[in-house]
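> how does the following fold in three dimensions:
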Amino acid sequence: MRMVEVKNDAAAAATAGSSFERVARMASGNAVVVFSVSSCCMCHVVKRLLLGLGVGPTVYELDHLDKAGSREIQAVLEHLLAATGGGGCSSTSTVPSATAVAVPAVFVGGKLLGGVEKVMSCHINGSLVPLLKQAGALWL
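Coordinates of the predicted model:
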């Protein structure tokens with residue numbers, strides 16, 4: 001399972017600076033962090049899966065943030081998801097262009113796991129629960 005640690009993405013940090021640092025701080029603020037858009041059905045699926053497993057993720061709804069901050073975060077997430085092969089869904093058809101981004105973006109233990117495809121494949125192959133336990137999101 002390939003995960004990207006946001007904190008050590010030096011090349012990207014050089015180009016975006018504080019935006020990458022902001023996402024890194026947000027992503028490491030809890031064992032599981034989900035960047036989402038409230039109207040995205042795949043974001044809903046990921047959040048429901050995590051809640052059903054007993055995980056209480058921190059959720060950042062990008063469409064509820066200020067436009068400037070949301071755009072910066074989206075640019076960072078798009079870069080990171082592209083670097084890991086994505087797994088998010090492009091929400092351009094149901095979300096205003098200001099919040100169009102590959103979402104959801106799921107971080108576990110401060111590291112990018114991926115989008116909906118990666119989360120679901122980890123769940124199906126049985127590697128998601130051990131990963132969540134290792135990050136301290138599950139105890140049983």
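> run a quick neighbour tally on residue 74.
The tally of other residues near residue 74 (other Cβ atoms under 10 Å) stands at 23. For glycine as for every other residue, the C-beta is placed from the backbone atoms N, C-alpha and C.
> that one belongs to a helix, doesn't it?
Yes. Counting by DSSP: H, G, I helix; E, B strand; the rest coil, residue 74 falls inside a helix.
> is it in contact with residue 62, as I believe?
Yes. Look at residue 74 against residue 62 with Cβ atoms under 8 Å: they come within range, at 6.3 Å.
> where exactly do the helices run in the chain?
Applying DSSP state H to the chain gives helices spanning 10-16, 18-27, 41-52, 67-83, 116-125, 128-135.
> of all those, which one is nearest residue 105?
Residue 105 lies closest to helix 67-83 among the helices of the chain, at 4.6 Å (Cβ to Cβ).
> looking at that closest one now, give me its mean pLDDT.
Across helix 67-83, pLDDT averages out at 88.
> cheers, nothing more for now.
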